[in-house]
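Here's my sequence, what's the structure:
(4 chains)
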Number of protein chains: 4
Amino acid sequence: MAKKPLRIGLVGYGFMGRTHSNGYKRVPDFFPELEYQPVLKAVCGRSEDKTKAFAEQWGYESYETDWNKLIARDDIDAIDICTPNDTHGPISIAAAKAGKMVLCEKPIGMSTAEGEEMVKAVEDAGIPNTIFYNYRRIPAVTLAKKIIDSGKLGRIFHYRANFLQDWTINADVPQGGAGLWRLDAASAGSGVTGDLLAHCIDTALWLNGSIKDVNAVTETFVKERMHSGTGKKEPVNIDDACSFFCHFENGSLGLFESTRYARGHKALYTFEINGENASIRWDLHDLHRLEYFDHADEGEVRGWRSIHVSDGDHPYMDHWWVPGLNIGYEHSFVHHVADFLKSIEEGKPCEPTFRSALETQKVCDAVLTSAAEKVWKDV
Amino acid sequence: MAKKPLRIGLVGYGFMGRTHSNGYKRVPDFFPELEYQPVLKAVCGRSEDKTKAFAEQWGYESYETDWNKLIARDDIDAIDICTPNDTHGPISIAAAKAGKMVLCEKPIGMSTAEGEEMVKAVEDAGIPNTIFYNYRRIPAVTLAKKIIDSGKLGRIFHYRANFLQDWTINADVPQGGAGLWRLDAASAGSGVTGDLLAHCIDTALWLNGSIKDVNAVTETFVKERMHSGTGKKEPVNIDDACSFFCHFENGSLGLFESTRYARGHKALYTFEINGENASIRWDLHDLHRLEYFDHADEGEVRGWRSIHVSDGDHPYMDHWWVPGLNIGYEHSFVHHVADFLKSIEEGKPCEPTFRSALETQKVCDAVLTSAAEKVWKDV
Amino acid sequence: MAKKPLRIGLVGYGFMGRTHSNGYKRVPDFFPELEYQPVLKAVCGRSEDKTKAFAEQWGYESYETDWNKLIARDDIDAIDICTPNDTHGPISIAAAKAGKMVLCEKPIGMSTAEGEEMVKAVEDAGIPNTIFYNYRRIPAVTLAKKIIDSGKLGRIFHYRANFLQDWTINADVPQGGAGLWRLDAASAGSGVTGDLLAHCIDTALWLNGSIKDVNAVTETFVKERMHSGTGKKEPVNIDDACSFFCHFENGSLGLFESTRYARGHKALYTFEINGENASIRWDLHDLHRLEYFDHADEGEVRGWRSIHVSDGDHPYMDHWWVPGLNIGYEHSFVHHVADFLKSIEEGKPCEPTFRSALETQKVCDAVLTSAAEKVWKDV
Amino acid sequence: MAKKPLRIGLVGYGFMGRTHSNGYKRVPDFFPELEYQPVLKAVCGRSEDKTKAFAEQWGYESYETDWNKLIARDDIDAIDICTPNDTHGPISIAAAKAGKMVLCEKPIGMSTAEGEEMVKAVEDAGIPNTIFYNYRRIPAVTLAKKIIDSGKLGRIFHYRANFLQDWTINADVPQGGAGLWRLDAASAGSGVTGDLLAHCIDTALWLNGSIKDVNAVTETFVKERMHSGTGKKEPVNIDDACSFFCHFENGSLGLFESTRYARGHKALYTFEINGENASIRWDLHDLHRLEYFDHADEGEVRGWRSIHVSDGDHPYMDHWWVPGLNIGYEHSFVHHVADFLKSIEEGKPCEPTFRSALETQKVCDAVLTSAAEKVWKDV
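Have a look, this model is predicted:
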């Protein structure tokens, strides 16, 4: 059976450009049942040399150095945006206006206001759209969602999550430039809030519903860093660390923390949800395990279960190997691409859509405002 | 060599009465080098039958049913207070006025104001005094202190702690009465803040120094419970859950959480401290282990170390068995008693003194006020 | 209600003298329901100074320097033997002949032949007797037994255990003398086989039934060590390491390993039992946890459960603190003493009796013979 | 720069056919520095429908149903063998004679005798050859090798490994046929010995050197199973479980165990190596971690380190994502392919070669003979 092509135009060839490209390339091998098959039509970047090299390495048929040209091409069905946060808005709005599908790396944009314009653009255009909050599609996280939806947890009391890193402790790390634009507020919008907490919030909204209000604190431990643009020491305008608590609509309390100053943690994203009857926790460092405690278990032999999420009946795992054999981080993107292809096959939205991702942005904005004004803030 | 007796009068024969009594009885066997030896002179409780039974079981020479009489006895050197929180103040002040040494279960009292009177009383009387924040003397926790004092961590960025339980999820658990006075604000003062967070705060002040200001949220999930005193359903006035963040004087950020609604956690007290160069974490459920990450370790083989704190060169452990063999929770009280005996032998204070414990009370009060008023609060 | 005294005469004041003494002293506080109460009548050792000091420290009423005299005293009901292995036989036989109850530290003796004489002596005398294979009474291990007896595991396929230490790697550690007689074959009988594997075998026989035949290998890594008796380097005649596999009567395969050369392991005693329907594992380093896997759990949420064995319905735990709070190694001896007292109250044997412990000795002997002769050996 | 093509002819489209194909397809994306680039020329299988479907799914340019024809094609450079064990010999020998490079899934063949012929064939032909013992190229395992080679461990005392599964406990699982030929001795040669222990032995020989002699026991728990070929219950001729101990040439003791009857373990391959100065352990279920204990660490803070092998300076990891983000099982095959391509670029052998893999086969044969004859057996 011939596949329908989905012709991809990718903007950005950095870390995320690689994860998305890998997603497109692996889907046909591991999800052969899908009707659509991605075709790597073109990649776009500002540096011609690097863009060309990326195209050759990954097998893109062509390349562009101006994303307007990429969007203008009529041999492309979908634009995938993997550039720094400040460009998500302009590119996605232009792509939507051109009638292209849009797949965009998180977060949606620089602010709620910009996000609203983006949502309007994709919805007015009526085109399929999605934001890559990839952690939803780690099999263990998807399993958590399934367990929660089954009602096994009962009334929820607590949701807590953190995302701890340690890579910016050294004050000599500069801000700005390739790989380091995340330290530059002008490109990133914020620090750990938009970069890391946004992931935690997306998962939380998905697993535990809406957030009503937040109360936050932020800190910038290193006040000045060399700026790769100006070549001088410049004030650091991002949040190095951010904690907040919140009330969810379902009555539970939330507690979130993120930092890049937690020595010993590389990318420790964990969440835990405590219900009346059962609890769940997960940890990105051992992403293939889900911890599950069920109070209904017989008392004497009750304990946290360490579920090795690698069986054929675990989410997505029938597409991979055999029980006991792990997949990794990158597979979450493969799953996202597969689900996107399925969604266009079925004419349904692929979550999180721009509209859903806007909810995360609203929480991020409320968090940053709360921290700045030192007050509780409604979302 | 004849030992000097330290004649103990214990008030309260509940859970804490047992831990303290065990502490007194085991010290001579395991700390033979101490000059003082506890003598269990009398135990005091309101129920004569139960008090008498406790005296027989634990080997107290006599018993009283009125603590005023206990304090008045001149064959007693030290009063140990193991009663509910609302009686810590009156008993300790009376004991101090009578010139007795005072050892008191945590927290110091019902409020900062009461605590200040208690500090004044013991200091005016010039008598040895201590509050049993026992977790300082779990060997792994003492080792954490030693590592921090060595300077290995460098500048501190983060301190986080939580104390999670799940025993009050069932709405049929009544408030008030033996074992359940912790749910009755009139006896306990507060809920998890005074009961559990107080432990976390004491450890934090000890390990990481003073707290400047706090921002808290509290929640009461079950609004009414049967009251064992009135025999009717009464509003629940304690906090079932409390989270707060804070600034420490040393510039680090603190994050604390406690609840009795975290299904699956019996008594999960954990703390973690992240420094520029190294990090430490600990977990009461596996209290004999300390996790330690040292960035100075060679890169390729760097990782969190799981230290099994059971060697002869670990704090207190030369008094027990051989490497690999664990001691438990109760031993923290034995160590506290041993250190108290040593302190009177040397004429030095035994930390935490009433004055030190007052600092924890101040933080607790600021936390509760912050939560009530929804504002940041200076300590 | 007045307690019946059980007057103890202890032989040996080393590591085991301390664990047994602690057992006797704590039972009245924590097992008040028992009819019998131990009375520490006398301790016996060869060094008068040390014996006297031990008596004072631990509260023994008197002391002896000749165990024959201790046995001859008519104010003593039970002899407890905590001396090196080569003296277990003579002392216990003499005690039995004198009509004393006998409690003896493991192993039963130096060989099966000697063990048979010992069994005959205590059975002919008709006196209560027990060998302290203390690990049976770690609550998590007792829980394992309870689960197995419930039939939850179904047909058993595999039993594996190891006991790994690292304290004799340094070739400068001498053999013989206090604390080091375990390296001297003349005192210890064997090396890790009698010292460590004997524990593993006792637990295995208890949990999984009889062993039919064994096939073993032993190794002595350090061939000569300074001998504290002769003052010279002498050949080392013990086994530094021993592994064996075996067939159990129930058709399952056993695999056992012990060594004192496993760098990084202080006292890593672990066992695991795999049944058709469920599996169990345990680890002395975290002795308060039992791992349990139940295939009957719903597939998607099936995983190894980490049971924190600290609830009131866990074995022995209703005598201690509250859920989440650990007890330790020494408590296994307290439980053994409590069970012994209960057994004489009820007129029943206290397992393991000398007869039961002889079975462990038979396996040890077969293991050593198999290793020496390089053949399978029936037990 | 144009890549040199390496034209692959794959035989077998099962589980291993997928892992190898994935390896070939991903290498260009993640190892762009390599001179050679695999071209998926043809896949060969007996079922035309399935072979064709596999070719389409994975992008093979053509397909064959007779491996002789595949070998005869002159547009193919290398034959990759992913069929059951009994065909490794004939195919690889024919391929070598035709001058094709040979890459073969483990084990080398059905016996040492057959393996020797295979080695002769590839060496006479002078063609590049390798056997996919893929676990060597899990980054954590490669790191273990690097640590051992650095000399950090000192004299080695113990090597232990096991490979535990539970998928054949159900007696209704048939033998023979797709996915189940591993239970049929005629196709597989042996049971867990050739399937699982072979992996453990390959790693052991690589990490710890040659094995001198072995002593083994095997067991077949389910004696008869339905045979998919005959349609009748037939005796099971494979080993369901196998344990052995051995002496390594370096003087250390080895202990190995494998079974498919360890309820709760999906694919628990673990190894541990204990040296005089340091120890290492690894576990396939959490394959991205390496545990490391270094006795040279300062005493009080010494403990097993849990190394999250995901940094840029860890083996292979500079080709993937960023610190903290895991790769999985399949990547070991990508690394093997990458190393093979590098080896032909450099004109060096790619380990394990057929000759190296023959050493593993010799140990397997000695193990099976030892178990059958119940004696120690030299390798």
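
give me every residue that touches residue A:364.
A:107, A:190, A:193, A:194, A:197, A:198, A:201 (CB atoms under 8 Å, 6 or more residues apart in numbering or on different chains). No exception for glycine: its C-beta is placed from N, CA and C like everyone else's.

and of those, the nearest to residue D:113?
residue A:198 (61.8 Å; CB to CB).

show me the contacts for the closest one.
Per CB under 8 Å, 6+ apart, neighbours of residue A:198: A:106, A:107, A:133, A:360, A:361, A:364.

Also residue A:143?
Residue A:143 touches A:290, A:307, A:309, A:314, A:315, C:300, C:301, counting by CB under 8 Å, 6+ apart.

What is the most widely separated pair among the contacts of residue A:198?
The widest separation within those (CB to CB) is 12.4 Å, between A:133 and A:364.

residue ranges for the strands of the stretch 201-350 of chain A, please.
A:211-219, A:224-226, A:233-235, A:241-248, A:253-259, A:268-275, A:278-283, A:289-294, A:304-308 (DSSP state E, counting those that start in this stretch).

Which positions in the stretch 201-350 of chain A make contact with chain C?
A:289-290, A:292, A:294, A:297, A:299-308, A:311, A:313-314 (CB under 8 Å from any CB of the partner chain).

Swap in 7 Å and give it another go.
A:292, A:299-308, A:311, A:313-314 (CB under 7 Å from any CB of the partner chain).

For residue A:26, what is the enclosing helix or strand?
Using DSSP states H and E, residue A:26 sits within helix A:15-30.

what's the angle between that helix and helix D:15-30?
Per axes from the mean of the first three to the mean of the last three CA atoms, to 10 degrees, the angle that helix A:15-30 makes with helix D:15-30 is 150 degrees.

Can you spell out the domain ranges of chain A, please?
Domain ranges of chain A: A:4-135, A:136-378, per automatic domain parsing.

So which of these is nearest residue B:119?
Using CB to CB, the nearest of the domains of chain A to residue B:119 is domain A:136-378, at 30.9 Å.

pLDDT on that closest one, on average?
If you average the pLDDT over domain A:136-378, you get 96.

distance between the ends of that domain?
End-to-end span of domain A:136-378 (CA to CA, to the nearest Å): 25 Å.

distance between it and the chain's centre?
Centroid separation for domain A:136-378 versus its chain: 8 Å, with CA atoms, centre = their mean, to the nearest Å.

again, but for stretch A:21-34
19 Å.

wait, does that stretch contact chain D?
Yes. Contact of stretch A:21-34 with chain D (CB under 7 Å from any CB) involves A:22, A:25, A:28, A:29, A:32.

what about the last one, neighbour count?
Per other CB atoms under 10 Å in any protein chain shown, the neighbour tally for residue A:32 reads 16.

Checking it next. Helix, strand or coil?
At residue A:32 the chain is in coil, as set by DSSP: H, G, I helix; E, B strand; the rest coil.

what's the spacing between it and chain C?
24 Å (CB to the nearest CB, to the nearest Å).

What of the fourth one?
Here the distance between residue A:29 and chain C works out to 25 Å (CB to the nearest CB).

Leaving out chain neighbours, which residue sits closest to that residue?
The shortest distance from residue A:29 to any non-neighbouring residue, by CB to CB, 6 or more residues apart in numbering or on different chains, is to residue D:58 (5.7 Å).

Return the residues of the stretch 51-200 of chain A in contact with chain B.
Neighbours of chain B within the stretch 51-200 of chain A, by CB under 7 Å from any CB: A:157, A:158, A:169.

Serialize those residues to CSV and add fields for neighbour count.
As requested, those are arranged in CSV below (neighbours: other CB atoms under 10 Å in any protein chain shown):
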residue, neighbour count
A:157, 26
A:158, 25
A:169, 23
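
Which single one of those is nearest to residue D:164?
Taking CB to CB as the measure, residue D:164 lies nearest residue A:158 of those, at 36.2 Å.

partners of the helix or strand harbouring the closest one, with directions?
Remark: residue A:158 resides in strand A:156-164, with elements defined by DSSP H and E. Its sheet considered, strand A:156-164 pairs with strand A:253-259 (parallel), strand A:268-275 (antiparallel) by DSSP bridges.

Of all the ones you listed, which one comes closest to residue C:139?
Using CB to CB, the nearest of the strands paired with strand A:156-164 to residue C:139 is strand A:268-275, at 26.1 Å.

Columns distance to residue C:2 on top of the residues of the stretch 51-200 of chain A next to chain B, output as TSV?
Formatted as TSV, these follow (distance: CB to CB, whole Å):
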residue	distance to residue C:2
A:157	51
A:158	52
A:169	67
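
Which one of those residues is nearest to residue A:255?
residue A:158 (7.4 Å).

Dump the contacts of residue A:198 to a markdown table, plus secondary structure.
A markdown table is the format used below for those (three-state DSSP):
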| residue | secondary structure |
| --- | --- |
| A:106 | coil |
| A:107 | coil |
| A:133 | coil |
| A:360 | helix |
| A:361 | helix |
| A:364 | helix |
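
Could you point out the member of these that lies closest to residue C:98?
Taking CB to CB as the measure, residue C:98 lies nearest residue A:133 of these, at 78.6 Å.

how far away is that closest one from residue C:359?
61 Å (CB to CB, to the nearest Å).

Just want to know which of the two has more residues nearby.
residue A:133 (25 against 20).

Do I have it right that that one meets residue A:200?
No. At 10.1 Å, residue A:133 does not count as touching residue A:200 under the criterion of CB atoms under 7 Å.

measure residue A:254 to residue D:91 for me?
Counting by CB to CB, the gap from residue A:254 to residue D:91 is 59 Å.

Over to residue A:161?
Applying CB to CB, the value for residue A:161 to residue D:91 is 52 Å.

same question, residue A:278
Going from residue A:278 to residue D:91 by CB to CB gives 52 Å.

Same question for residue A:9.
Relative to residue D:91, residue A:9 is positioned 44 Å away (CB to CB).

just residue A:182 next, same as before
Distance, residue A:182 to residue D:91, using CB to CB: 51 Å.

sorry, back to before: which among the residues of the stretch 51-200 of chain A next to chain B gets closest to residue D:14?
residue A:158 (46.0 Å).

Please name the bridge partners of the closest residue to that closest one other than its chain neighbours.
Leaving out its chain neighbours, the residue that sits closest to residue A:158 by CB to CB, 6+ apart is residue A:274, at 4.2 Å. Beta-bridge pairing of residue A:274 under DSSP bridges involves residue A:158, residue A:279.

Phi first, then psi, for the closest residue in space to residue A:220 that isn't next to it in sequence.
Excluding the flanking residues, the one nearest residue A:220 by CB to CB, 6+ apart is residue A:240, at 4.9 Å. With angles defined as degrees, to the nearest 10, residue A:240 shows backbone torsions of phi -80, psi -30.

Quick one: residues contacting the most centrally placed residue in chain A.
Central residue of chain A (CA atoms, centre = their mean): residue A:133, 2.5 Å from the mean position. For residue A:133, the contact set (CB atoms under 7 Å, 6 or more residues apart in numbering or on different chains) comprises A:106, A:199, A:202, A:352, A:357.

Mind doing that once more with 10 Å?
A:105-108, A:198-199, A:201-203, A:205-206, A:332, A:336, A:351-352, A:356-357, A:360 (CB atoms under 10 Å, 6 or more residues apart in numbering or on different chains).

ok, now residue A:286?
For residue A:286, the contacting residues are A:140, A:270, A:306, A:308, A:326, D:285, D:286, D:288, D:289, D:308, D:326, by CB under 10 Å, 6+ apart.

repeat for residue A:101
Counting by CB under 10 Å, 6+ apart, the residues that residue A:101 touches are A:6, A:8, A:76-80, A:95, A:122, A:125, A:127-130, A:340, A:344, A:350.

how does it look with 6 Å?
Neighbouring residues of residue A:101 by CB atoms under 6 Å, 6 or more residues apart in numbering or on different chains: A:78, A:127, A:128.

nearest residue to it other than its sequence neighbours?
Per CB to CB, 6+ apart, closest to residue A:101 is residue A:78, 3.8 Å.

Let me know whether the residue nearest to residue A:158 touches residue A:156 as I believe.
No. At 7.2 Å, residue A:274 does not count as touching residue A:156 under the criterion of CB atoms under 6 Å.
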